[in-house]
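Novice: Below is the sequence, then the predicted model.
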Amino acid sequence: MSRGRKLTETERLSIAKERAQGIAAADLAARHGVSLKSVYNAVNHARDRKRANGSRPKVIGLRVSARELERFDAALEGFGITNRTEALRALMAAADRILKPDEKMACQLEVMSARINRVGNNVNQVARRMNEAKLRGEPLPYSAQSQAHMRELAELVFEMADQIQDMFRARRGELELEVGRALAHLRPDATGEGAENGTG
């Protein structure tokens, strides 16, 4: 087993518990196939976690279906993360960014709404004139202008469909980046002092 491997959260907590029971650090390092530094980091991590939990007096409960849990675990697995609790805490800490309304998208949708209302009014007028003519038994007044209004509406619908698809694709990309940032310190390949010291 490689001595450079990264311990899982469960392994780190287990090492800290056994160390507290008096088992030698060298024995734990040999048993888990890691370096002495990793053992000491695990102990420090558990101590920091205990201290952090002391500052978190609130406990929340959440019931989910087997399918929901499976999908959440699969999503975490995509990041290489196995600790649900820490992942949920990280996502909650980033909620102000992840759940922040997209003001740019809202503005774009408002502009689109105004455009479709303007074109829609023209089309409604065409339909009303045609309906009135039909009720009077007159030829339907479908002029070149009426055709232009209908064409404008069709073009607008296709244009808006493309724009909305682009907006939602961009928004999804932004959310994926924010989620990635929130969970970055929990990934097994996380580097830096925080990961090395067991604070990640």
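Specialist: Noted; the coordinates are in hand.
Novice: Distance from the helix ranked longest in the chain to the middle of the chain?
Specialist: The longest helix of the chain (DSSP state H) is helix 144-183. Helix 144-183 sits 20 Å away from the centroid of its parent chain (Cα atoms, centre = their mean, to the nearest Å).
Novice: Flag every buried residue along it.
Specialist: 146, 149-150, 153, 156, 167, 174, 178-179, 182-183 (16 or more other Cβ atoms under 10 Å). Quick note: C-beta positions are derived from backbone N, CA and C, even for glycine.
Novice: again with stretch 7-23
Specialist: With the criterion 16+ other Cβ under 10 Å, stretch 7-23 contains buried residues 7, 9, 12-16, 18-19.
Novice: Name the spans of this structure whose pLDDT lies under the cut-off.
Specialist: 1-4, 52-56, 190-200 (pLDDT under 70).
Novice: show me where it has helices.
Specialist: So, for the chain - with DSSP H - the helices run 9-20, 25-32, 36-54, 66-78, 84-93, 95-98, 103-136, 144-183, 193-196.
Novice: Of all the ones you listed, which one is nearest residue 60?
Specialist: helix 84-93 (9.1 Å; Cβ to Cβ).
Novice: contacting residues around that closest one?
Specialist: 9, 72-73, 76, 81, 98, 179, 182-183, 185-186 (Cβ atoms under 8 Å, 6 or more residues apart in numbering).
Novice: ok, 7 Å please
Specialist: 9, 76, 81, 98, 182-183, 186 (Cβ atoms under 7 Å, 6 or more residues apart in numbering).
Novice: and it with helix 66-78, angle?
Specialist: Put simply, helix 84-93 runs at 80 degrees to helix 66-78, going by axes from the mean of the first three to the mean of the last three Cα atoms, to 10 degrees.
Novice: Can you say which two of the contacts of helix 84-93 are spatially most distant?
Specialist: The two members of the contacts of helix 84-93 with the most space between them (Cβ to Cβ) are 9 and 98, at 22.4 Å.
Novice: residue contacts, residue 5?
Specialist: 33-34.
Novice: What spatial separation is found between it and residue 34?
Specialist: Going from residue 5 to residue 34 by Cβ to Cβ, to the nearest Å gives 7 Å.
Novice: go on, residue 136?
Specialist: Residue 136 is 90 Å from residue 34, by Cβ to Cβ.
Novice: Check the burial of residue 28 by counting its neighbours.
Specialist: 21 (other Cβ atoms under 10 Å).
Novice: again with the one 5 residues further on
Specialist: Applying other Cβ under 10 Å, we find 13 residues neighbouring residue 33.
Novice: Regarding it, what are the backbone dihedral angles?
Specialist: With angles defined as degrees, to the nearest 10, residue 33 sits at phi 70, psi 40.
Novice: now it: how far from residue 168?
Specialist: From residue 33 over to residue 168 (counting by Cβ to Cβ), the distance is 46 Å.
Novice: Now the phi/psi pair for residue 138, please.
Specialist: phi -100, psi 160.
Novice: any idea how far it is from residue 129?
Specialist: Residue 138 is 10 Å from residue 129, by Cβ to Cβ.
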